[in-house]
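1. need a 3D model of the following:
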Amino acid sequence: MLSLQLEIFLLLALGWFLASRRILARNTRDQITSLVLNLVLPASIIRSFELDLTWEQFTTLSAVLFCSIDIQILYSIAAKLLWRKEPENHRINLCYGTLVSNAGFMGMPICEQLYGSIGLLCSSIFLIPQRVVMWSAGLSLYTAADRCTAIRKVLLHPCIIALELGVVILVLRMNGIGLPDCLDRTIGAVASCNTALSMMMIGGMMADADKQYVFSPVVLVYSFVRLLALPLIIWGCLSLLPVSRLALQVCVVLSAMPAASTTGMLAQKYHRSPAFASKLIFVSTLFSMGTLPLISWLVSLI
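-> Here you go, the predicted structure:
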C-alpha cells in the first residue's frame, strides 16, 4: 500500500511539475485528458473483461452494481441536505462534487493496482450508475439537460461502449473464442498507460488551482465529507449486508475518491465559479493522498 501510494504521489508531483514549468501546457493536458477518457480508460475496461469469471466473481460484480446504485442515492441525499445555505454557484459545485467523484479517472487505476484485473472490472461496474448520474442529475445542476441529451451522452460514452464490448469478449471467452493475439497485445499496451497518464493529468490540474484562500472552511468540510464521512458511512452500511469482502472493499475505496475533475470543466464551461471548483478538486485530491491509504488499509483488515 505504501509503495502504491508513493507511486501515485510521484506521478501527481510529476504532472504538477511539468504543468508548472509549462512543459505540459493546458491545451496539451486537455488533449491528453481526452485521449485517456476516450481511448486509454476504455482499453483498460475491455482488458479487465479478459478473464475467466467464476460464479463467485459474478455474484461479486452483481453486488457491486446494486451497492453502487444505493451509494448514488446516499450521495443525492447528502448533496441536498449539506449545501443548502451556500451561495448558488458554490452550492452547484458542491452538489456535483458530492454526486460525482474522481472514481473513473483516479479510482480505476488504484483498484487495479490494489485488487488486480477483477478489481478493475468491479470498478467498471461500480461506475455505471455514477456515469448515468453524471450526465443526468449532475449536468442538470449546471444547465437544463433534456432527457434525450442525457440518454445519448450515457449510451455513447466511450467507457459505456467499452463495457458493452467487454461483455461480448467475456461471452466469447466462455465459449473458447479469444481475441487475436495482435489485437489483445495492442489493447494491453494502450491500457498499461492508464495509471501514469491519469495521475499526471490530475497533477497538472492541481497546478492550475486557484491558491488564494484555498483552505476555506467550506472546502475543508467538503473534503472531510467526500474523503472520510461518506466512505465510513458506506462501510458501516455495507458491513450489515451479505456482500463479499472484495465487493465491500472496492465500493468503500471508490467512495473515498476526491472531487471529479469534470467539476472544474463544467464550472468553467457554464461560468459557475470555476475558481471555487478548482479549490474543491485541489484540496480534496491533496488530502486524499493521506485518506486513501488510511481507508484502503482499514478495509484490508476485514
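2. make it CA atoms for all contacts and neighbour counts henceforth
-> OK.
3. residue ranges with poor pLDDT in the stretch 151-300 of the chain?
-> Residues of the stretch 151-300 of the chain meeting the criterion pLDDT under 70: 209-213.
4. list the contacts for S44?
-> 120, 187-188, 190-192, 194 (CA atoms under 8 Å, 6 or more residues apart in numbering).
5. can you pick the most crowded of these?
-> L120 (26 neighbours; other CA atoms under 10 Å).
6. for the helix or strand hosting it, packing partners?
-> For L120, the host element (DSSP states H and E) is helix 108-133. If you count contacts as 3 or more CA pairs under 8 Å, 6 or more residues apart in numbering; DSSP states H and E, helix 108-133 packs onto helix 41-48, helix 55-82, helix 147-155, helix 194-208, helix 245-255.
7. would you turn the ones you listed into a markdown table with distance to S20?
-> Output for the helices and strands packed on helix 108-133, formatted as a markdown table (distance: least, CA to CA, whole Å):
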| stretch | distance to S20 |
| --- | --- |
| helix 41-48 | 25 |
| helix 55-82 | 33 |
| helix 147-155 | 33 |
| helix 194-208 | 6 |
| helix 245-255 | 29 |
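8. contacts for the helix or strand hosting V221 next, please.
-> Assigned by DSSP H and E, V221 falls within helix 217-224. Under the contact criterion CA under 8 Å, 6+ apart, helix 217-224 has outside partners 94, 258, 279-280, 283-284, 287.
9. filter those residues down to the ones in strands?
-> Using DSSP state E, the subset of the contacts of helix 217-224 located in strands is empty.
10. quick one: which of those residues is most hemmed in?
-> Going by other CA under 10 Å, P258 tops the contacts of helix 217-224 with 33 neighbours.
11. wait, that residue touches M289, no?
-> No: with contact defined as CA atoms under 8 Å, P258 does not count as touching M289 (9.7 Å).
12. can you give me the buried ones in the helix holding V221?
-> 219-220, 222-224 (16 or more other CA atoms under 10 Å).
13. how distant is it from the center of its chain?
-> With CA atoms, centre = their mean, to the nearest Å as the basis, helix 217-224 stands 19 Å off its chain's centre.
14. can you show me the CA trace of that helix as CSV?
-> Written as CSV, here are the backbone C-alpha positions of helix 217-224 (Å, rounded to 0.1, in the frame of the first residue of the first chain):
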residue,chain,number,x,y,z
PRO,A,217,-13.9,26.3,5.9
VAL,A,218,-16.4,25.0,3.3
VAL,A,219,-13.7,23.4,1.2
LEU,A,220,-12.3,21.7,4.3
VAL,A,221,-15.8,20.5,5.3
TYR,A,222,-16.4,19.2,1.7
SER,A,223,-13.1,17.3,1.7
PHE,A,224,-14.0,15.7,5.1
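15. what's next to the helix or strand following it, contact-wise?
-> As assigned by DSSP H and E, the chain's next helix or strand after helix 217-224 is helix 230-238. Contact with helix 230-238 is made by 67, 71, 248, 252-253, 255-256, as judged by CA under 8 Å, 6+ apart.
16. output those residues as TSV; include the columns distance to P42.
-> Output for the contacts of helix 230-238, formatted as TSV (distance: CA to CA, whole Å):
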residue	distance to P42
C67	23
I71	23
L248	24
V252	23
V253	21
S255	21
A256	22
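17. ok, and the most crowded of the residues you listed?
-> Using other CA under 10 Å as the neighbour criterion, S255 leads these with 29 neighbours.
18. neighbours of the closest residue in space to that one that isn't next to it in sequence, just the number please.
-> Using CA to CA, 6 or more residues apart in numbering and skipping the chain neighbours, the partner closest in space to S255 is P231 (5.4 Å). For P231, the count of nearby residues is 21 (other CA under 10 Å).
19. find the residue at the geometric middle of the protein.
-> Centroid-nearest residue in the chain: A103, 1.5 Å away (criterion: CA atoms, centre = their mean).
20. distance of that residue relative to G178?
-> 29 Å (CA to CA, to the nearest Å).
21. what's the answer for P129, then?
-> Distance from P129 to G178, by CA to CA: 29 Å.
22. these two: who's more crowded?
-> Counting neighbours by other CA under 10 Å for P129 and for G178 shows that P129 has the greater number, 19 against 14.
23. so which elements touch the following helix or strand past the helix holding L120?
-> Downstream of helix 108-133, the next assigned helix or strand under DSSP H and E is helix 139-142. The contact analysis (3+ CA pairs under 8 Å, 6+ apart) places helix 139-142 against helix 88-99.
24. list the buried residues for the helix it packs on?
-> For helix 88-99, burial by neighbour count (16+ other CA under 10 Å) applies to 89-99.
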